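Undergrad: Fold the following, please.
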Amino acid sequence: MALDVNEVVRHVDAVRTRIERAGGAGRVRLVAVTKGFGPEAARAALAAGVDDIGESYLQEMQQKIDELSGDRHQPRWHAIGRLQRNKVRLVAPRVHLWHSVDRRELGAEIARRQPGAAVLAQVNVSGEAQKGGCAPDSTAALVDELRGLGLEVRGLMTIGPTAEAEAARPGFRRLAGLARQLGLTELSMGMSDDLEVAVEEGATMVRIGRSLFGDRPAHPPRARRAQPGDPGH
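TA: Okay, here's the model as predicted:
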């Protein structure tokens, strides 16, 4: 699927305007989610001034890392999806930030493959079974476990409920409160439909796909497999 770089630039500008109007100017990092698109989406985002690229599927990330390996401008890769331990090895040396670490066993594999890696603990604030993340009451214990593995826990991550944007506010507010209690500074929350609410509640990163690149192709890359509760729209 061909992407018009100029159109992506306009979309990036529009999303940044939304962030600024919600009060996030100078505070919120835009992570462009390119899952389901080819490497041209990552290149378009880079051309639009977005250096942070998020992928949900590690095999797809590996393919794009290989495709872009010869490019002068390299992105910072963010692993944002529900992670399988046996796929961590594919990309571990190249991941800038792991957003969705929701259990000790996954953290242990990341620590083995990428000692001292920067991670976010994923918290399920919506209570929806299809979404990953530890229970809010288990967040402090998970953060302690991840730190005990030698990982750098920078903050927390969550996915808003499958509902209208305003329905995400209580969960985002709860995540921000947990982060304050634990002395964590990064909050990865907010996607295309609820980014304003997330920014208003303290997000430091938003994960945006559809508002930058449009609907995903009907026939995504072969390595990509659908998983429930997927965090990057």
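
Undergrad: residues touching the residue nearest in space to the middle of the chain, list them.
TA: Central residue of the chain (C-alpha atoms, centre = their mean): Ile80, 3.7 Å from the mean position. Listed by C-beta atoms under 8 Å, 6 or more residues apart in numbering, the contact set of Ile80 reads Val31, Val33, Gly54, Glu55, Ser56, His99, Ser100, Met157, Ser188, Arg207, Pro231, Gly232. Where you see a C-beta, it was placed from the backbone N, CA and C, and this is true even at glycine.

Undergrad: That one and Leu120: what is the separation?
TA: According to C-beta to C-beta, to the nearest Å, Ile80 stands 9 Å off from Leu120.

Undergrad: what sits in contact with each of the two?
TA: His99, Ser100, Met157, Ser188.

Undergrad: Now for the last one: which residues touch it?
TA: Read that as Ser188. Per C-beta under 8 Å, 6+ apart, neighbours of Ser188: 31, 80, 99, 120, 155-158, 203-207.

Undergrad: from these, which single one is nearest Arg72?
TA: Arg72 has its nearest neighbour among the contacts of Ser188 in Val31, at 21.3 Å by C-beta to C-beta.

Undergrad: What strands line up against the helix or strand harbouring the closest one, and which way round?
TA: Per DSSP states H and E: Val31 is located in strand 29-33. Strand 29-33 sits in its sheet next to strand 52-55 (parallel), strand 205-208 (parallel), going by DSSP bridges.

Undergrad: chain center to that strand, what's the gap?
TA: Chain-centre distance of strand 29-33: 7 Å, with C-alpha atoms, centre = their mean, to the nearest Å.

Undergrad: So what touches that strand?
TA: Residues outside strand 29-33 that contact it (C-beta under 8 Å, 6+ apart) are 12, 15-16, 19, 41-42, 45, 50, 52-56, 78, 80, 188, 204-209, 212-213, 232-233.

Undergrad: would Leu142 count as being in a helix?
TA: Yes: counting by DSSP: H, G, I helix; E, B strand; the rest coil, Leu142 is located in a helix.

Undergrad: pLDDT score for it?
TA: Listed pLDDT for Leu142 reads 98.

Undergrad: Am I right that Arg104 is in contact with Arg147?
TA: No: between Arg104 and Arg147 there is no contact under C-beta atoms under 8 Å: 11.0 Å.

Undergrad: Of these two, give the one with the bigger neighbour count.
TA: When Arg104 and Arg147 are compared for neighbours, Arg104 comes out ahead with 17 against 14, by other C-beta atoms under 10 Å.
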